[in-house]
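> when you get a sec, could you give me coordinates for this:
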Amino acid sequence: MHPDLKAVIEVQQLDQQAAELTVLIDSIPEQIQTLQSQLDDFIHAHEDRKKRLAANLKERKDLEGDIKAIQEKITKHKDQLYQVKTNEQYKAMKKEIEGEEANIRKIEDQILEKMIEAEEIQKRVQEAAARLEGEKARVASEIKHLEGERQGHMDEREGLQARRKEVAATLTATVLALYERIRTYRTGAAVAEVRNGLCTACNVLLRPQNYNEIRSNEAVMTCENCSRIVYYIEPPNEQTANGEGTRVTMS
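Numbering: from 1, shown residues only. I've put the predicted structure just below:
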């Protein structure tokens with residue numbers, strides 16, 4: 001294989017590996033942010049429940065205050081029963097007392113609902129409090145692991161880039177410029193394998209003469225359709241047919 005062809009294939013492999021690492025490197029900050037957001041959401045929900053529990057307690061105290069005020073009013077009305085002079089006034093006062101007592105029962109029902117709600121909130125607050133430190137430790141550990149992974153990927157990419165620089169330096173200026181130019185306007189590969197008479201990048205059938213020239217790998221050639229640099233690797237079955245495979249003899 002022509003030295004430039006061999007080198008440009010390796011340069012592309014190094015570029016592709018570096019690009020894959022870049023994707024991984026760039027994805028890690030988002031993963032870290034997701035973990036931090038999950039922890040923040042957990043903490044905020046925990047704080048909200050504690051606030052709701054405190055509000056529930058205040059609401060119950062307010063309701064209990066309402067009951068106390070009504071009870072005082074009832075006591076006052078009962079004292080006034082002995083001061084009324086007519087039967088109608090007596091009945092009206094009794095009806096008012098009964099209405100106030102009904103109000104107390106309604107408020108007591110509300111307090112009971114608040115107590116049931118408080119028990120559920122308290123249970124969730126206690127569960128979250130028990131999990132909180134563990135969640136913080138888990139997120140910190142996962143973030144540390146991701147940061148280590150990211151640094152490892154960056155170190156690996158740096159090594160690939162250094163190797164790429166070495167290999168690119170062995171290329172002739174025209175081939176390197178051709179490769180870089182193809183990369184700028186072609187998505188995917190700039191260097192493509194030819195297989196079964198086709199350019200594997202654009203899937204166009206090559207002219208027989210062009211195909212045979214490419215198969216020799218004696219020069220840097222491009223696909224007549226997509227202009228990518230192309231090369232040929234002999235399939236294993238052809239190597240066997242050419243006598244390069246393992247022969248089995250019968251005794």
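> and the closest residue to Asn210 other than its chain neighbours, which of the three is it?
Leaving out its chain neighbours, the residue that sits closest to Asn210 by C-beta to C-beta, 6 or more residues apart in numbering is Glu224, at 6.2 Å. To be clear about C-beta, it is placed using only N, CA and C from the backbone, and glycine gets the same treatment. Reduced to three states with DSSP: H, G, I helix; E, B strand; the rest coil, the structure at Glu224 is coil.
> pLDDT at Glu224, what is it?
For Glu224, the model assigns a pLDDT of 92.
> around it, count how many other residues there are.
A total of 13 residues lie near Glu224 under the criterion other C-beta atoms under 10 Å.
> what about the strands in the protein?
In the chain, strands defined by DSSP state E lie at 191-195, 198-199, 221-222, 229-232, listed in chain order.
> relative to Tyr90, which of those is closest?
With respect to Tyr90, and counting by C-beta to C-beta, the nearest of the strands of the chain is strand 191-195 at 105.7 Å.
> list of residues touching the closest one?
For strand 191-195, contacts defined as C-beta atoms under 8 Å, 6 or more residues apart in numbering pick out 8-9, 12, 179, 199-202, 206, 211, 214-215, 223, 226, 228-233, 235.
> one more: stretch 77-89?
Residues from elsewhere that reach stretch 77-89, judged by C-beta under 8 Å, 6+ apart: Tyr90, Met93, Lys94, Glu96, Ile97, Glu100.
> please report how far the nearest residue to the third one once chain neighbours are set aside lies from Gly99.
Spelled out, that is Lys94. Closest residue to Lys94 apart from its sequence neighbours, by C-beta to C-beta, 6+ apart: Leu81 at 7.3 Å. With distances defined as C-beta to C-beta, to the nearest Å, the gap from Leu81 to Gly99 amounts to 15 Å.
> okay, and for the chain, where does confidence drop off?
Filtered on pLDDT under 70, the chain yields the residue ranges 237-251.
> quick one: the helices in it, in order.
With DSSP state H, the ranges of helices along the chain come out as 3-81, 87-169, 173-185, 208-216, 236-241.
> in a markdown table, list these along with distance to Val194 and mean neighbour count.
Supplementary listing: the helices of the chain in a markdown table, determined by distance: least, C-beta to C-beta, whole Å; neighbours: other C-beta atoms under 10 Å:
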| stretch | distance to Val194 | mean neighbour count |
| --- | --- | --- |
| helix 3-81 | 12 | 15 |
| helix 87-169 | 22 | 13 |
| helix 173-185 | 16 | 14 |
| helix 208-216 | 5 | 14 |
| helix 236-241 | 13 | 11 |
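> what would these look like in TSV with distance to Ala192?
Converted to TSV, those look like this (distance: least, C-beta to C-beta, whole Å):
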stretch	distance to Ala192
helix 3-81	9
helix 87-169	18
helix 173-185	10
helix 208-216	10
helix 236-241	19
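> kindly export stretch 78-96 (C-alpha atoms) in PDB.
Once side chains and other backbone atoms are set aside, the C-alpha atoms of stretch 78-96 remain, and they are given as PDB (Å, rounded to 0.1, in the frame of the first residue of the first chain):
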ATOM      1  CA  LYS A  78     -75.900  30.200  77.600                       C
ATOM      2  CA  ASP A  79     -75.500  32.900  80.300                       C
ATOM      3  CA  GLN A  80     -77.900  35.000  78.300                       C
ATOM      4  CA  LEU A  81     -80.500  32.300  78.200                       C
ATOM      5  CA  TYR A  82     -81.400  33.100  81.800                       C
ATOM      6  CA  GLN A  83     -82.000  36.800  80.900                       C
ATOM      7  CA  VAL A  84     -84.400  36.300  78.000                       C
ATOM      8  CA  LYS A  85     -88.000  37.300  78.700                       C
ATOM      9  CA  THR A  86     -90.000  35.600  76.000                       C
ATOM     10  CA  ASN A  87     -90.200  32.000  74.700                       C
ATOM     11  CA  GLU A  88     -89.400  33.200  71.200                       C
ATOM     12  CA  GLN A  89     -86.200  34.800  72.400                       C
ATOM     13  CA  TYR A  90     -85.300  31.600  74.200                       C
ATOM     14  CA  LYS A  91     -85.800  29.500  71.100                       C
ATOM     15  CA  ALA A  92     -83.800  31.900  69.000                       C
ATOM     16  CA  MET A  93     -80.900  31.900  71.400                       C
ATOM     17  CA  LYS A  94     -81.000  28.000  71.600                       C
ATOM     18  CA  LYS A  95     -81.000  27.900  67.800                       C
ATOM     19  CA  GLU A  96     -78.000  30.100  67.700                       C
END
